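S.K.: When you get a sec, could you give me coordinates for this:
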Amino acid sequence: MKSGAVVSPSSFSVPNLDRALSILELLRTRPEGLTLSEIARELGLPRNSVFRIANTLLMHEYVERDDETRRLALSQKLFGMAYSSASSATLMESAIGAMRDLRDAVKETTILSVMAGDECLVLEQVPGLHPFRFVCDAGLRQPLNASASPKALLAFMEPGDREKVLRAARFRRWTPATITDKGKYRAHLRKIRERGFALDVGEHMEGVNCIAAPILNRQGLPLAAVTVIGPSFRLAAGALPRVGRIVLAHTERISRHYGHGLVSPLK
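M.R.: Predicted coordinates for the structure are as follows:
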């Protein structure tokens, strides 16, 4: 090798590792999962190679397989690893007291969610006090167009960052109430920003209602969202605005910890 020659990083790449990472990147964009044949076809890889790599990822629990459809999807273990950092621990420590107080006030399960690229993930939960309550494990993905948490986060993001996420998003219809038109969704986000909290009125799952408000930093940008989730027979549609104001009061309390209110938020 000549002195001063530039060596490309690809010269030291590991082909099977490259393939494994390509599979993970593809599955990240397909929350519904893909079969081995679909993965091989989309990536242009030999099916035998995909089979071996997928089994290794399954063995280490980085992906999971649906026994009926045989589709592979990213596991919650992988999402949990992404948020095991000191910064997320600090966020949880800052939020957990207010989340418990909010849970005590409304008696329903309260969750903390964050944006991870173009996805919204559950980071922590405080279980509700009713015998029948919802459980949202860490790493659970929330659909952008149907869940209150990502709505609350997107509504307060910088416009350029928000548009980048929306352009890449696939809007699936989960229930008859789901918003699938991106133009209507943008208008919906503007209303959320005006009132300060977001609603999911049976848009992800029929019979389940949610209210979310963002935790904002000093610049008025979202760090996370706190969401209350419960059955519609307890969280009735008519009561959601009142509960929304309660959620907002608790997230504002957390936001003050990050300096929100010291400067004017971004318009």
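
S.K.: Toward the C-terminus from the helix or strand encompassing residue 166, list the very next helix or strand.
M.R.: Remark: residue 166 resides in helix 159-168, with elements defined by DSSP states H and E. Scanning the chain past helix 159-168 towards its C-terminal end, the next helix or strand to appear is helix 182-195 (assignment: DSSP H and E).

S.K.: Neighbouring strands - and their directions - for the helix or strand encompassing residue 111?
M.R.: Remark: residue 111 resides in strand 109-116, with elements defined by DSSP H and E. Strand pairing for strand 109-116, using DSSP bridges, gives strand 119-126 (antiparallel), strand 222-231 (antiparallel).

S.K.: Most tightly packed of these?
M.R.: Of the strands paired with strand 109-116, the one with the most neighbours on average (mean count of other C-beta atoms under 10 Å) is strand 222-231, at a mean of 26. Bear in mind the C-beta positions are built from the backbone N, C-alpha and C, glycine included.

S.K.: And the helix or strand following that strand, how far out from the chain middle?
M.R.: For strand 222-231, the following helix or strand on the C-terminal side (DSSP H and E) is helix 240-257. Between the centre of helix 240-257 and the centre of its chain there are 20 Å (C-alpha atoms, centre = their mean, to the nearest Å).

S.K.: And helix 240-257, what's buried?
M.R.: For helix 240-257, the buried set under the neighbour-count rule, 16 or more other C-beta atoms under 10 Å, comprises 240, 243-244, 246-248, 250-255, 257.

S.K.: now it and strand 222-231, what's the angle there?
M.R.: For the pair helix 240-257 and strand 222-231, the angle between their directions (axes from the mean of the first three to the mean of the last three C-alpha atoms, to 10 degrees) equals 150 degrees.

S.K.: now helix 240-257 against helix 182-195, angle please.
M.R.: Using the same axes, to 10 degrees, helix 240-257 lies at 70 degrees relative to helix 182-195.
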